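Chemist: next come a sequence and a model predicted from it.
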Amino acid sequence: MFEAILFYSLAAVAVISALLVVTRVNPISSALMLVVCFMATAGVFAILGAAFIAILQILLYAGAIMVLFIFVIMLIGTDPADLKRRQMTFAKILGAAAAVYLAIVLGLAAWRPPFIAAPMAGDAFLSPATIGKQLVTTYLLPFEILSVLLLIAIVGAVVLAKKKI
Amino acid sequence: MMILDLLTALAKVVIIFAMILGVVPVLIWMERKGAAYIQDRRGPNRASILGMRLGGIVHSFADALKLFTKEEIAAGSVSKPLFYIAPMITFFIAIVTVGVVPFAEPLRLFGYEFNLQIADLNAGLIYVFAMSSIGVYGLLIAGWAASGKYPLLGALRAAAQMVSYEVALGLSVVAIFLLSGSLRLQDIVIQQGALIWDWNVARQPVAFVLFMVALFAETNRLPFDLPEGESEIVAGYHTEYSSMRFALFFMGEYTHIIVGSLIIATLFFGGWQFPFVAAELMRSNMDGVIVIGWPAAGIALLMFGMFLVSRFRRRYRDLRDYETLLFGVPAMLFATLLLIAWAGLLTRGYLDNIPAWIGNAVVFAVQLGTLLAKALFFCAFFIWVRWTLPRFRYDQLMNLGWKVMIPIGVANVVVTSAVMVFRP
């Protein structure tokens, strides 16, 4: 009962804030709404009993990445009046097509649910130790590739930012 | 059973938050008195209620009244919702961090277990970091919403500083949970034991120094209070705030100090462990603890009362003269009663077989008091540092964060893990 109320209120917050991210004109408002969306998602994780993942969601996305986003937006200091009015671009057409596709998939899923009840995960599944062990054993290769990807991103940022290296 | 659980959870939240909020005025008083003594002044000593000054603590309440009754001002250009919500976020984040601090061992009374810890998360330490990492939003939003140059500069400084020092903060405790093998704060405390040289401050002194410095930066206290920087950017992110909204920032800062001190005490100074006396030892020798501890408390109270009474002088020729007597005489009377009751109970043999639940309750109280005493010590340390060190320059701050603390943190993690792996 409590869980259902919590879930639906958090889900509502997540969906509404996600919509606001797209519709706000002011980039700072959009970014802050994205933070709210991350928080609500973290709350959903916490209801599922995955406290560790919920906390990581807040720590990484809300706490680190979005702070940098907002920092950059503030530094650039875009005035809402300076922003271009909406234009039709190729990206928008592609996005609309993707949205229609998603709607079809969701409609099919609602019409003939392909879901099975998820098996119960034990306590060990959600503990930090298990996640850490899985990362350096089973998922070692994706983990390493991701870290190399991040390194490339850092190097790229330095190359773009510095005139002379 | 479920209703009982909910009520217990509610009681815990109320007790812990009331405790933290009750310490805030005391801390403000400590700050002012500490500043005064370091600068060779007397500090606040004028405000009084019916002649009671309580050593200047009445000023904190006078301040609260003043801030409550002041007018709230918002300039026309501010973006209102964000401007109003920013102080709330700051205060909220500062106080919810306390949710994972274990204040004592679980108390077992009549078959029911009471754990004075709001949430016993298995990732408690990460929760602390998550909260401290989103704490910057209050400052960022406040500075941006005020739509002025100085607030914006303060907010940018806050964001840069907090993001930089979070890395050092995180690295410094990696070594801690390598040692304790758990992220639960309760486990970390139990694992440290009661001996002082087993506490993490002795096993990980480098991590302690890093954590302490990074915590100063996270709480925006001097020498890292560049987001406020009165001499450069007026008052930084809270330039435009007045009345209770300003008070929320103010309380948020002190709450942050208290919670930070609790975390330091928990991670590095054995949490609720009483130095050299393990909880089991205390519990198995409860008769002795009470027989010795009771008169010791009585005598300490008696001496405190005698000290107060000895300070009685006719200086002002009004009610204020009697303040020392007003507190000293009841203290002495109560202490005498305590001692008489102790002697009476001891001679009639009531103190021989203490029931287990009284023993558990006493151990609980001792642990709670120990943790609070350690935390108050660090609060005093925060104040001492603030009035001793000057403010950093901005480039010095960034150099210290990125070029000194993070390399030391990484080296500390590497050395610790090497020792853990290759230890014979």
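Modeler: Now that the structure is in, tell me what you want to look at. Numbering: from 1, shown residues only, chains lettered A, B, ... in the order given.

Chemist: tally up the residues packed near residue B:363, please.
Modeler: If you count neighbours by other CB atoms under 10 Å in any protein chain shown, residue B:363 ends up with 22. For the C-beta atoms, the positions are set from N, CA and C on the backbone; glycine is no exception.

Chemist: list the contacts of it.
Modeler: Each residue near residue B:363 by CB atoms under 8 Å, 6 or more residues apart in numbering or on different chains is listed here: B:105, B:279, B:282-283, B:286.

Chemist: quick check, nearest of the residues you listed to chain A?
Modeler: residue B:105 (22.0 Å; CB to the nearest CB).

Chemist: what about that closest one, neighbour count?
Modeler: 22.

Chemist: you'd agree it is in a strand?
Modeler: No: going by DSSP: H, G, I helix; E, B strand; the rest coil, the assignment for residue B:105 is coil, not a strand.

Chemist: surely it meets residue B:274?
Modeler: No: using CB atoms under 8 Å, residue B:105 makes no contact with residue B:274, being 11.0 Å away.

Chemist: report the buried members of the contacts of residue B:363.
Modeler: Among these, those classed as buried by 16 or more other CB atoms under 10 Å in any protein chain shown are B:105, B:279, B:282, B:286.

Chemist: near chain B, which residues of chain A are found?
Modeler: Within chain A, the positions adjacent to chain B are A:28, A:32, A:35, A:51-52, A:55-56, A:58-59, A:62-64, A:67-68, A:70-71, A:74-75, A:126-128 by CB under 8 Å from any CB of the partner chain.

Chemist: let's see the PyMOL selection covering just the buried ones among those.
Modeler: Restricted to buried positions by 16+ other CB under 10 Å, the PyMOL selection for those reads:
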select buried, chain A and resi 28+32+35+51+52+55+56+58+59+62+63+64+67+70+71+74+126+127+128
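
Chemist: among the residues of chain A next to chain B, which are in helices?
Modeler: Among the residues of chain A next to chain B, the members found in helices (DSSP state H) are A:28, A:32, A:35, A:51-52, A:55-56, A:67-68, A:70-71, A:74-75, A:126, A:128.

Chemist: which residues touch residue B:400?
Modeler: Applying CB under 8 Å, 6+ apart, we find residue B:400 in contact with B:213, B:392.

Chemist: how close does it sit to residue A:51?
Modeler: Distance, residue B:400 to residue A:51, using CB to CB, to the nearest Å: 34 Å.

Chemist: OK, contacts around whichever residue of chain A sits closest to chain B?
Modeler: Closest residue of chain A to chain B, CB to the nearest CB: residue A:63 (2.8 Å). Going by CB under 8 Å, 6+ apart, residue A:63 touches B:129-130, B:133-134, B:136, B:166.

Chemist: then residue B:402?
Modeler: The neighbourhood of residue B:402, defined by CB under 8 Å, 6+ apart, consists of residue B:164.

Chemist: can you pull the phi/psi pair for it?
Modeler: The phi/psi pair for residue B:402 (degrees, to the nearest 10) reads phi -90, psi -30.

Chemist: what is the burial count for residue B:362?
Modeler: For residue B:362, the neighbour count with other CB under 10 Å is 18.

Chemist: for the stretch 101-250 of chain B, just list every one of the helices.
Modeler: B:124-134, B:136-145, B:149-180, B:185-192, B:200-203, B:205-218, B:230-233, B:243-268 (DSSP state H, counting those that start in this stretch).

Chemist: correction: chain A
Modeler: A:2-23, A:27-47, A:51-56, A:66-76, A:90-111, A:123-126, A:128-136, A:140-161.

Chemist: which strands and helices sit next to the first one?
Modeler: When you say that, I think you mean helix A:2-23. Judged by 3 or more CB pairs under 8 Å, 6 or more residues apart in numbering or on different chains; DSSP states H and E, the packing partners of helix A:2-23 are helix A:27-47.

Chemist: domains in chain A, as residue ranges please.
Modeler: By the record's domain assignment, chain A is partitioned as A:1-80, A:122-165 (automatic domain parsing).

Chemist: pLDDT-wise, which helix or strand of chain A ranks last?
Modeler: Among the helical and strand segments of chain A, the one scoring lowest on mean pLDDT, DSSP states H and E is helix A:123-126, with a mean of 62.

Chemist: how about the contacts made by residue A:61?
Modeler: Residues in contact with residue A:61 (CB under 8 Å, 6+ apart) are residue A:38.

Chemist: got the contact list for residue B:371?
Modeler: Contacts of residue B:371 (CB under 8 Å, 6+ apart): B:103-104, B:262, B:265-266, B:271-272.

Chemist: mind putting the residues you listed into CSV with pLDDT?
Modeler: Converted to CSV, the contacts of residue B:371 look like this (pLDDT from 0 to 100):
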residue, pLDDT
B:103, 84
B:104, 79
B:262, 90
B:265, 90
B:266, 89
B:271, 81
B:272, 84
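
Chemist: ok, of the residues you listed, which one's closest to residue B:318?
Modeler: Taking CB to CB as the measure, residue B:318 sits nearest to residue B:262 out of the contacts of residue B:371, at 41.0 Å.

Chemist: how far away is residue B:134 from chain A?
Modeler: Here the criterion is CB to the nearest CB, to the nearest Å. By it, residue B:134 lies 5 Å from chain A.
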